[in-house]
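[1] give me a 3D structure for the following:
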Amino acid sequence: MTLFKPTLILQRLIISRGKHIIYNEAFHKGVNIIRGENGSGKTTIVESIIYVLGGALKEKKDEFLLCDYVFAELEINGSVFTFKRPIEEEGSPALNIFEGSYEDALNSHDHWVRYPNRRTNNQKSYSEIIFNLLGLPEEKTDRGENITIHDVLRLLYEDQYTSADKIFVSQSHPEGNSKKQAISDLLLGIDDFELHDLRRQLADKEKEFSKYNGQLSQIYRILGSSEMDVSLTHIQQDTAKFVDEKESIEGKIQELYSEDNTAAKSEAKKEYRKIQKELTSLKKTIHAYEEEQNALVFETEDSKEFIESLNIRLDALSASTEITKALGSIDFTFCPSCLQLVGEDYASHQCGLCKSDIEDENRATGYFKMQNEILFQKRESEAILERKKKKLDDIQSALKKSKATLSQLERKHINYVNSVSPIEAEVRNLIARVGYIDRAIQDNYDKEKLASKIDDISKLKASLNSEISRIKDAIKAADSLREKRRGIVYTAINDTTVALIKNDPNPELSDVERIVFDFGKEDIFAIGKTSPAASTRTYLKNAFFFSLFLISLEKSFMRYPRFIIMDNIEDSGLETERVHQFHQDVISRSENADVVHQVIFTARSEVITEELDASELCIGQHYHREAGQYSLNIASK
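    Model (predicted):
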């Protein structure tokens, strides 16, 4: 038989109390029937299955709470695992997972791995692990809510307590329509990986674009304005003008000194020149401080952005790990980069896109190595950032003191300018102008570097903008394909459900050709039937629920794990002949399927046929309360 992925098969279920095993039955592929009288513990068994798979029970039965552990030997996508979960009255106990059979697990105490209900800093949750084993993406809703294995099980299990008008198993806390829609899109294979990957790419590119925008903003803050002309040509022309002016001033100074070379050198001139020298030195110091301050401001921002980019790379690496695990089970129809059709000429051990050989063990080691390298870079960068911040604080303090000293010297300078000869005053003014020009020339050299960086960043932004537009177009195309796939799946659900209800011996829905359903709102009804009987609503829900499973046997792209539990077939007083018909439909559809699957349903003693009761489809004994035969053999233990 063909194995679609994901596929989940229960091979064995064990429930223990102390040292005693009170339930131990093997299950098989295809149809499995748990039968017995009302109150004999059929529902306890199916709830045990849901519980050991990571589900949360709305209420645990008394006899179940008398037990200690539930074990399940499972075949997941062709590989065998054993789950073990302790039975506790409150909370959500951890799940223990062993890679291998139940018998092997009994002889091994070292290879069990315990996974908590919620993810911690050091360990993934059991939902994430089960999703990885099944090859399901770690899905989130539009509001950022996580989809867990408990959420998935609510669409694989039809219980006795949920209204026939509702699709999902009911739970105690409310949830939004968007989450229920996201769960159904995930399992029906509507929200596909190509679209997930494109959205991740778009988010990464937009973050990168925002990072470059931040760098440009920082550069413009240093330059003083984003409106000024920072082109290399303009800056170089400006520098040339300053150089010419400086040469002209230096010639003028020489002329003025030659006119005043016979003047006596007084102590005042010596003091003045001392102040002038100090002013020149201090201005150079202040200029150097300002340059270093600007450089450090830019470097600290750059370091922060680099650290943020490392965080993004860590998140992307984690997401890439999960996507890589799941992509092995997906055949791409279209290339996520160019949207062209992907050829089918590749081997099972090769990537469907690039045709490279896939070596999972080396890839996992590579991921771990990459993660460690990024974490090392992050720690080093954070240490460097702290040193730069400390240095920036020191420079800003020194700059403040230097400017205060400069203010005092400038006041002295003004006093001396007013007390010397006109020629000396003019010379000093010209020297001050030369000092300004020198700073302007140096500033222009710095601006040339920034202008070059602006040009590089602008080119990167233009390239990113083009890439973002391409990805958005690809997302639009993928969205269109997704809606096309939704139409195909929803049409198949309608047609399969209608075919099943037309087999109902009760003619109430015999003329129905279309049903309406909405996973988000949990609506399901037949067109033209406004108030059907309660038993008919139950039959419709059974048919709809079973059709989701049946379509997964036809559509390989669906993520519904070819596994279903039905504990509600005979609810709402459904007549015996209608129950028999539905049993027959389930069995015949299963026998005709050529895809690996498993159906588990319960049947009351009053409605199961003698032939079916004696068949190999039944699991365990027929439970009779009056004979003291219950599913959990607690009394004898």
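
[2] going by C-alpha atoms from here, please, whenever you check contacts or count neighbours.
    Noted.

[3] can you pull out the helices in the stretch 451-600 of the chain?
    Here the stretch 451-600 of the chain has its helices, by DSSP state H, counting those that start in this stretch, at 534-552, 576-592.

[4] with just CA atoms, put the last one into CSV.
    The C-alpha coordinates for helix 576-592 follow below in CSV (Å, rounded to 0.1, in the frame of the first residue of the first chain):
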residue,chain,number,x,y,z
THR,A,576,-29.9,0.8,14.3
GLU,A,577,-30.3,0.4,10.5
ARG,A,578,-28.7,3.8,10.0
VAL,A,579,-25.8,2.8,12.3
HIS,A,580,-25.3,-0.4,10.3
GLN,A,581,-25.2,1.5,7.1
PHE,A,582,-22.6,3.9,8.3
HIS,A,583,-20.5,1.0,9.7
GLN,A,584,-20.8,-0.7,6.3
ASP,A,585,-19.7,2.6,4.5
VAL,A,586,-16.7,3.0,6.8
ILE,A,587,-15.5,-0.6,6.3
SER,A,588,-16.1,-0.7,2.6
ARG,A,589,-14.3,2.6,2.0
SER,A,590,-11.4,1.4,4.1
GLU,A,591,-11.1,-2.0,2.3
ASN,A,592,-11.1,-0.2,-1.1
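
[5] ok now that helix, how far from the chain's centre?
    Here helix 576-592 shows a centroid-to-chain-centroid distance of 41 Å under the convention C-alpha atoms, centre = their mean, to the nearest Å.

[6] pLDDT of it, averaged?
    Helix 576-592 shows a mean pLDDT of 95.

[7] OK, contacts around residue 388?
    296, 299, 300 (C-alpha atoms under 8 Å, 6 or more residues apart in numbering).

[8] from the residues you listed, which is closest to residue 103?
    Nearest to residue 103 among the contacts of residue 388 is residue 300, at 58.7 Å by C-alpha to C-alpha.

[9] any idea how far residue 20 is from that closest one?
    65 Å (C-alpha to C-alpha, to the nearest Å).

[10] next one: residue 61
    19 Å.

[11] cool, and residue 117?
    In terms of C-alpha to C-alpha, residue 117 sits 27 Å off from residue 20.

[12] same check, this time on residue 40
    For residue 40, the distance to residue 20 (C-alpha to C-alpha) stands at 20 Å.

[13] if you count surrounding residues, which of the two has more?
    residue 40 (20 against 14; other C-alpha atoms under 10 Å).

[14] where does that one sit: helix, strand or coil?
    Counting by DSSP: H, G, I helix; E, B strand; the rest coil, the backbone at residue 40 sits in coil.

[15] could you find the closest non-adjacent residue to it?
    residue 630 (4.9 Å; C-alpha to C-alpha, 6 or more residues apart in numbering).

[16] report the contact partners of that neighbour.
    Counted by C-alpha under 8 Å, 6+ apart, residue 630 has contacts 40, 41, 623, 624.

[17] host element of it?
    For residue 630, there is no helix or strand it lies in under DSSP states H and E.

[18] just use 58 as the starting number from now, easier for me
    Okay, residue one is now 58; in that scheme the one you just asked about reads as residue 687.

[19] pull up the per-residue confidence for it.
    87.

[20] from residue 133, how far off is it?
    30 Å.

[21] and the gap between residue 166 and residue 468?
    Taking C-alpha to C-alpha, one finds residue 166 at 85 Å from residue 468.

[22] wait, I meant residue 372
    From residue 372 to residue 468 the distance is 58 Å (C-alpha to C-alpha).

[23] who's more crowded, the two?
    residue 372 (13 against 10).

[24] follow-up on the earlier one: now the contacts of residue 445 in CSV, with neighbour count and distance to residue 104?
    What follows is those, written out as CSV (neighbours: other C-alpha atoms under 10 Å; distance: C-alpha to C-alpha, whole Å):
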residue, neighbour count, distance to residue 104
353, 18, 63
356, 15, 59
357, 19, 57
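
[25] tell me the mean pLDDT for stretch 327-345?
    pLDDT averaged over stretch 327-345 gives 83.

[26] out of the helices of the stretch 508-657 of the chain, nearest to residue 314?
    helix 591-609 (98.3 Å).

[27] now do the helices in this structure.
    99-109, 119-122, 159-163, 183-191, 206-210, 234-244, 250-280, 289-316, 324-384, 417-474, 479-558, 591-609, 633-649, 667-670 (DSSP state H).

[28] so for residue 216, which of those helices sits nearest?
    Closest among these, using C-alpha to C-alpha: helix 99-109, at 8.5 Å.

[29] so which residues make contact with the closest one?
    70, 91-93, 113-114, 118, 121, 127-129, 140-142, 152, 210, 214, 622, 624, 659, 688.

[30] ChimeraX command for the buried members of those residues?
    Buried members of the contacts of helix 99-109, defined by 16 or more other C-alpha atoms under 10 Å, are picked up in ChimeraX with:
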select :70,91,92,93,113,121,127,128,129,140,141,142,152,210,214,622,624,659,688
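
[31] now, which of the contacts of helix 99-109 lie within strands?
    70, 91-93, 127-129, 140-142, 152, 214, 622, 659 (DSSP state E).

[32] export only the CA atoms of stretch 594-604, formatted as CSV.
    Extracted in CSV, the C-alpha atoms of stretch 594-604 (Å, rounded to 0.1, in the frame of the first residue of the first chain):
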residue,chain,number,x,y,z
ARG,A,594,-27.7,16.2,12.1
THR,A,595,-25.6,13.5,13.7
TYR,A,596,-25.5,11.4,10.5
LEU,A,597,-24.5,14.6,8.6
LYS,A,598,-21.7,15.3,11.0
ASN,A,599,-20.5,11.7,10.9
ALA,A,600,-20.5,11.9,7.1
PHE,A,601,-18.7,15.2,7.0
PHE,A,602,-16.1,14.2,9.6
PHE,A,603,-15.4,10.9,7.9
SER,A,604,-15.1,12.7,4.5
